[in-house]
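J.: one predicted model, sequence on top.
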Amino acid sequence: MGKNIPLRKCLGCDEMLGKKGLLRVVKTKDGEVSIDLTGKKSGRGAYICNDRECFEKARKKRSLERALKCAIPPELYDSLMEQITNE
């Protein structure tokens, strides 16, 4: 049998994809929201495709705010956009 690949739902396109192809945004217990490049930070996580279109959809629908149950600062959106365009 093959190895089980963990699937997560993208907040932009609502597709189930493997964790490796997605960017994770995490909210820690302290309420700090950051990009989790390792995928191992503890806290509540939300995933977005590494795609500009999906990111724009998620931003427009305010999906990150709903998923993490907090306000997302514009600086975080900017750094997320940087991560997406760099890869």
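T.: Cool, the structure landed.

J.: what ranges do the strands span in the chain?
T.: For the chain, the strands defined by DSSP state E occupy 7-9, 16-18, 22-27, 33-36, 44-49.

J.: neighbouring contacts of the third one?
T.: Identification of contacts with strand 22-27 by Cβ atoms under 8 Å, 6 or more residues apart in numbering yields 8, 10, 33-37, 39, 41-50, 64, 68-70, 76, 80, 83-84. Any C-beta I mention is one placed from the backbone N, CA and C, and that applies to glycine too.

J.: neighbouring strands of it in the sheet, and parallel or not?
T.: Strand pairing for strand 22-27, determined by DSSP bridges: strand 33-36 (antiparallel), strand 44-49 (antiparallel).

J.: now mean neighbour count and distance to K27 too, for those strands, in a markdown table please.
T.: Below are those laid out as a markdown table (neighbours: other Cβ atoms under 10 Å; distance: least, Cβ to Cβ, whole Å):
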| stretch | mean neighbour count | distance to K27 |
| --- | --- | --- |
| strand 33-36 | 17 | 5 |
| strand 44-49 | 21 | 5 |
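
J.: between those, which gets nearest to N4?
T.: Across those, N4 has its closest neighbour in strand 44-49 (17.4 Å, Cβ to Cβ).

J.: give me the number of residues near S63?
T.: S63 has 20 neighbours, counted by other Cβ atoms under 10 Å.

J.: now do it, the pLDDT please.
T.: Note for S63: predicted pLDDT of 94.

J.: in this structure it contacts G12, no?
T.: Yes - if you go by Cβ atoms under 8 Å, S63 and G12 touch, sitting 7.0 Å apart.

J.: which neighbours do the two share?
T.: Jointly contacting S63 and G12 under the rule Cβ under 8 Å, 6+ apart are K57.

J.: who's in contact with L64?
T.: Counted by Cβ under 8 Å, 6+ apart, L64 has contacts 11, 25, 46, 48, 58, 72.
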